[in-house]
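Colleague: Sequence first, then the predicted structure, then my questions.
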Amino acid sequence: MMYDYFSSIVSGITAKLEEDPHGIHARKRYALAVAALGQRLYSENARIAWCGVTAPFDLLNSMGVTSCFVEFVGAMLASTETAELFMQEAEDAGYAADSCAYHRAVTGAMLKSAMPVPDFIIGTSSPCTAGLAVMENMAKQYRKDLFVLNVPQSESPAAVRFLALQIEEMAGFVAGHTGQALSKNRLGEALELTNEATVLIKEIYGLAKQKPSPVDSRFLNNFGVVITLFMGTREGVDICRAFRDELSHRIATSAMDPSQERIRLMWVQNRIQFPFPMESMLGDSGAKIVVDELNDVTWEPMDPDNPFESIARRILSIPFSRNVDSRVAHLQELAREYQIDGAINPCHWGCRQGTGVRGIISNGLREIGVPVLNLEIDCVDSRNLAKGQIQTRFEAFTEMIQG
Amino acid sequence: MYFLGIDIGSLSCDAVLIDESKNVVASSVVPTGVRNLEAIARVTKDVLEQSGISEQDIASTISTGYGRTRVANRDGAVTEITCHAKGIQEAVPGTRILIDIGGQDSKAIHIGENGNVMDFAMNDKCAAGTGRFLEAMARALEVDILDLGELDRGAQSDLVLSSMCTVFAESEVVSLIANGTEQREIARGMNRAIASRTFSLVKRVAREIDGLTISMSGGVALNSGVVRALRESLKTDTIHIPERPDTIGALGAALIARERNA
């Protein structure tokens, strides 16, 4: 059923793109790639791995494994307004309704046998320990092997070596389950593609920084996190190029309306995943999101001759995986680079990263003169969000910024 | 020339009419009820009757509160945060921290020296500690809500209601009554619970409050027990309560209507 569902989306978007073969349509191409990934995950012949967010997807792609982080499922179910059914299943099975809804949704999907059964699971200890717990449960439920990458919280040479050795070991674990040894050549090619995509991603973010910014509030929504799934593939490069080209086109055609960005905002952590008129709510006040915390490149190009260490350095460079000081410093850097007027932190319910450091992030941004709107909302479970309450907070925040 | 502010809250609908010199010419407060359009019509009619002017004499109307988009003839809608900050500057000049506890939300607003909002924090997950909460507690204690404010007079205990969920807190009150706890001690415990939660909101917007003028608006400011508990909690001798704390939002809306029409 799910395979058919994704196939119909793939067909629909393909047909739309064929109507305008020379158009850029970055978001449509991105949606097509995501739907095609869903299709692959539910196809009978694919080798599937459920993973943590920071798993090395380029390495897995080079080994012919269709892989995806579990939170992607929670977000996808929310975006299609079907998450509630699965979250209810998890709650009925005893999971607390206050726990993270990304994980409640994926757990419910697993309990209702709506998830593709993986061949194996690659957990990561960072950034999210709740996600790791989901994967531990998944390993038990499906009786599949779990490999955990323990990610240190520093970039010291010892930490890089420690993680690089684990990644090499992981490649052996994957080969053991697929029966296909790691090809250094294929991995090298994949990392070259990752580098190609990364150059484009940097260009995308560089364009987004312009004032007025060519992005609208939704253009790069979830981009930084989801694009990692396509690293090491030609498809990933093509998506990035489409995003870069669309922004260049918007700038070249002066498609930006300065009145639509009287207030430039930064979104902290994840976006609201279910259909929610955030863009119009902010737009009514002339505000728009020009940067997301998770949209950044913090790593050096991959070295195909030294792949495991390169990948380790990349994982360790992600501020979200590290201590709160790194995260605050990164947010301050983004705030300055994008010249933002304010930041919105959704403080996603049940999320350690979202709620645990709320005060520290607020203080860090306020230190550099950036006001912060702290919400306490659920980005996946629409039952926990009151539209009117959010509207009032958005409006009050923009009124405050405008004085 | 007159300016009208209408604040459509969850419990009450308030209107304030001011003249060009910012004098309050008329005001009205009615229960919002389930038909807020009727409440809006009623407060508008009230202020027109009180002032003896016609609707055409109103140069500008600004609405605020959760029902702000329900006012058909508004010239603008502004959030209650901005309106309360504006209103309190007129009623209690120099206010830097405003605590507003209304029917279904409570907020702390840090106001800058220039009168602009610097930061605000609101209750997010539930209506605990708000007017609705007090209504439920008055019901559980079997007293009129207007008598709730003085109910804790003479209470000495350190009791604090452990649960701030309105439903659970009501159950807790019933249990305390069953265990023979005096009504005044329960009332004090309830006020301390509200103060504790409000204190946290205040600290979120201003880490240091020493020396800052603190004021309170919203209907709950009329509850002297809650105000006493807040003074204790904030370790301050004075929380300024304007003459009509329940109409500060509407006053602010009227002042903004006047400013925008200047």
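Modeller: Noted; the coordinates are in hand. Numbers count the residues shown, from 1 in each chain, chains lettered A, B, ... in the order given.

Colleague: Who are the contact partners of the residue of the stretch 151-262 of chain B found nearest chain A?
Modeller: At 7.7 Å from chain A, B:Arg204 is the closest residue in the stretch 151-262 of chain B, using C-beta to the nearest C-beta. C-betas here are computed from N, CA, C, even on glycine. Contacts for B:Arg204 (C-beta atoms under 8 Å, 6 or more residues apart in numbering or on different chains) come out as A:Gly359, A:Asn374, B:Ala108, B:Asp119, B:Ala121.

Colleague: Need phi/psi at the last one.
Modeller: The reference is to B:Ala121. phi -140, psi 140 (degrees, to the nearest 10).

Colleague: Repeat that for the third one.
Modeller: The phi and psi values for B:Ala108, taken as degrees, to the nearest 10, are phi -120, psi 130.

Colleague: just checking, it touches B:Leu98?
Modeller: Yes. Using C-beta atoms under 8 Å, B:Ala108 and B:Leu98 qualify as a contacting pair, with a distance of 7.3 Å.

Colleague: Generate the PyMOL command that creates a selection of the buried members of the contacts of B:Arg204.
Modeller: To isolate the buried members of these in PyMOL, using 16 or more other C-beta atoms under 10 Å in any protein chain shown:
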select buried, (chain A and resi 374) or (chain B and resi 108+119+121)
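
Colleague: Would you mind giving the contacts of B:Arg204 as TSV with distance to A:Pro214 and pLDDT added?
Modeller: Output for these, formatted as TSV (distance: C-beta to C-beta, whole Å; pLDDT from 0 to 100):
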residue	distance to A:Pro214	pLDDT
A:Gly359	34	91
A:Asn374	29	93
B:Ala108	38	96
B:Asp119	31	95
B:Ala121	34	93
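
Colleague: How is the residue of the stretch 151-262 of chain B closest to chain A assigned, secondary-structure-wise?
Modeller: Under the three-state scheme (DSSP: H, G, I helix; E, B strand; the rest coil), B:Arg204 adopts helix.

Colleague: Tell me which helix or strand the closest residue in space to A:Tyr338 that isn't next to it in sequence sits in.
Modeller: Closest residue to A:Tyr338 apart from its sequence neighbours, by C-beta to C-beta, 6 or more residues apart in numbering or on different chains: A:Val291 at 4.3 Å. Assessed by DSSP states H and E, A:Val291 sits inside strand A:287-292.

Colleague: likewise B:Leu98?
Modeller: Here B:Leu98, judged by DSSP H and E, is contained in strand B:95-101.

Colleague: Kindly export that strand (C-alpha atoms) in CSV.
Modeller: What follows is strand B:95-101, C-alpha atoms only, in CSV (Å, rounded to 0.1, in the frame of the first residue of the first chain):
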residue,chain,number,x,y,z
THR,B,95,6.3,50.4,34.7
ARG,B,96,9.1,48.1,33.6
ILE,B,97,7.6,44.8,34.5
LEU,B,98,4.0,44.1,33.8
ILE,B,99,2.2,41.0,35.0
ASP,B,100,-1.0,40.4,33.2
ILE,B,101,-3.3,37.6,34.3
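
Colleague: any bit of that strand sitting next to chain A?
Modeller: No. When contact is scored as C-beta under 8 Å from any C-beta of the partner chain, no part of strand B:95-101 falls within range of chain A; the minimum is 11.9 Å.

Colleague: try stretch B:217-234
Modeller: No. Using C-beta under 8 Å from any C-beta, stretch B:217-234 stays clear of chain A, with a minimum separation of 14.9 Å.

Colleague: do the same with stretch B:53-62
Modeller: No. Stretch B:53-62 lies apart from chain A when judged by C-beta under 8 Å from any C-beta; the minimum separation is 12.0 Å.

Colleague: Contacts for that stretch, please.
Modeller: Applying C-beta under 8 Å, 6+ apart, the contact partners of stretch B:53-62 are B:1-6, B:17, B:25, B:44, B:48, B:71, B:73-78, B:83, B:253-254, B:256-258, B:260-261.

Colleague: Could you tell me the end-to-end distance of that stretch?
Modeller: Stretch B:53-62 has an end-to-end distance of 18 Å (criterion: C-alpha to C-alpha, to the nearest Å).

Colleague: Any buried residues in it, and which?
Modeller: Under the neighbour-count criterion of 16+ other C-beta under 10 Å, stretch B:53-62 has B:Ile53, B:Ile58, B:Ser60, B:Thr61, B:Ile62 buried.

Colleague: and what of stretch A:362-382?
Modeller: Within stretch A:362-382, the residues that qualify as buried are A:362, A:364-365, A:370-382, counting by 16+ other C-beta under 10 Å.

Colleague: Within range of chain A, give me the residues from the stretch 1-150 of chain B.
Modeller: Near chain A, when you scan the stretch 1-150 of chain B using C-beta under 8 Å from any C-beta, you find B:66, B:78-82, B:105, B:116-122, B:124-125.

Colleague: repeat that with 7 Å
Modeller: B:Tyr66, B:Val78, B:Thr79, B:Ile81, B:Thr82, B:Asn116, B:Val117, B:Asp119, B:Phe120, B:Met122, B:Asp124, B:Lys125 (C-beta under 7 Å from any C-beta of the partner chain).

Colleague: Inside helices: which ones of the residues you listed?
Modeller: Judged by DSSP state H, helices contain the following of those: B:Ile81, B:Thr82.

Colleague: Most widely separated two among the residues of the stretch 1-150 of chain B next to chain A?
Modeller: B:Asn116 and B:Lys125 (27.9 Å; C-beta to C-beta).

Colleague: Next, format the contacts of B:Arg204 as CSV and append distance to A:Ile315.
Modeller: What follows is the contacts of B:Arg204, written out as CSV (distance: C-beta to C-beta, whole Å):
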residue, distance to A:Ile315
A:Gly359, 27
A:Asn374, 28
B:Ala108, 40
B:Asp119, 36
B:Ala121, 35
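
Colleague: Tell me where chain B has helices.
Modeller: With DSSP H, the ranges of helices along chain B come out as B:36-51, B:80-91, B:131-141, B:166-178, B:183-205, B:224-234, B:248-260.

Colleague: still on that earlier bit, pick the one among the contacts of B:Arg204 closest to A:Val226.
Modeller: A:Val226 has its nearest neighbour among the contacts of B:Arg204 in A:Asn374, at 25.2 Å by C-beta to C-beta.

Colleague: Quick check: bridge partners of the closest one?
Modeller: With DSSP bridges applied, A:Asn374 shows beta-bridge pairing to A:Asn345.

Colleague: which residues touch A:Val148?
Modeller: By C-beta atoms under 7 Å, 6 or more residues apart in numbering or on different chains, the contact list for A:Val148 reads A:Gly123, A:Ser125, A:Leu132.

Colleague: Equivalent analysis for B:Gly67, please.
Modeller: Contacts of B:Gly67 (C-beta under 7 Å, 6+ apart): B:Ile8, B:Asn36.

Colleague: residue nearest the centroid of chain B?
Modeller: B:Gly218 (1.3 Å; C-alpha atoms, centre = their mean).

Colleague: Report whether the expected contact of that residue with B:Pro242 is present.
Modeller: No. Assessed by C-beta atoms under 7 Å, B:Gly218 is found out of contact with B:Pro242, at 10.5 Å.

Colleague: roughly how far apart are the nearest residue in space to A:Glu309 that is not next to it in sequence and A:Ala190?
Modeller: Closest residue to A:Glu309 apart from its sequence neighbours, by C-beta to C-beta, 6+ apart: A:Ala164 at 4.4 Å. With distances taken as C-beta to C-beta, to the nearest Å, A:Ala164 is found 17 Å from A:Ala190.

Colleague: Name the residue in the two with the higher neighbour count.
Modeller: Neighbour tally, A:Ala164 and A:Ala190, criterion other C-beta atoms under 10 Å in any protein chain shown: the higher count belongs to A:Ala190, 26 against 20.

Colleague: wait, is that one part of a helix?
Modeller: Yes. Under three-state DSSP, A:Ala190 sits within a helix.
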